[in-house]
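Asks: give the three-dimensional model of this entry:
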Amino acid sequence: MEVSELKSKLRTFKKEDIIITNHAKDQAEFRQIDLEEVKKNVINPEKLVYVEEQQAKKEGENKYNCYFAYSENYHHRYAFVVNGKIIIVTIIGINRNWQKAVEGRK
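Replies: Sure thing, here's the model as predicted:
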């Protein structure tokens, strides 16, 4: 999926449609990432710069690994499932060049 396609899809959701798993909450707390900021990034994905569609476990679900860039050297990585709601399963803050991080995934 292209970044622009996922951005359009994410804009159709509201904050109430986002579920953050306990694992993701723990990761965010450990990394001092504000959960409201995560929700804002997902429903208003202006910072989304890279998306990798992954194999979903259930039919009717789509799974994505996404990078949201704040600067050249700081980005958030979220893994989430879309199945009518957005279920965020992983939240990671990364302090290194995001372009190099995604180059290794291509």
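Asks: would you map the helices across this structure?
Replies: Under the criterion DSSP state H, helices of the chain are mapped to 3-10, 22-30, 35-43, 98-103.
Asks: most tightly surrounded among those?
Replies: Across the helices of the chain, the average number of neighbours (mean count of other CB atoms under 10 Å) peaks for helix 35-43, which reaches a mean of 16. Where you see a C-beta, it was placed from the backbone N, CA and C, and this is true even at glycine.
Asks: mind putting the helices of the chain in a markdown table, mean pLDDT and distance to residue 80 included?
Replies: Below are the helices of the chain laid out as a markdown table (pLDDT from 0 to 100; distance: least, CB to CB, whole Å):
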| stretch | mean pLDDT | distance to residue 80 |
| --- | --- | --- |
| helix 3-10 | 95 | 9 |
| helix 22-30 | 95 | 9 |
| helix 35-43 | 96 | 7 |
| helix 98-103 | 64 | 17 |
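Asks: for residue 86, find the nearest of those.
Replies: Minimum separation from residue 86 across the helices of the chain (CB to CB) falls at helix 35-43, 6.0 Å.
Asks: name the helices or strands packed onto the closest one?
Replies: Packing contacts for helix 35-43, counted by 3 or more CB pairs under 8 Å, 6 or more residues apart in numbering; DSSP states H and E, involve strand 18-20, helix 22-30, strand 74-82, strand 86-94.
Asks: of all the helices of the chain, which one comes closest to residue 16?
Replies: Nearest of the helices of the chain (CB to CB): helix 35-43, 9.5 Å.
Asks: hmm, who's touching the closest one?
Replies: 10-11, 13-15, 17-18, 20, 25, 28, 47-48, 68, 76, 78, 80, 86, 88, 91 (CB atoms under 8 Å, 6 or more residues apart in numbering).
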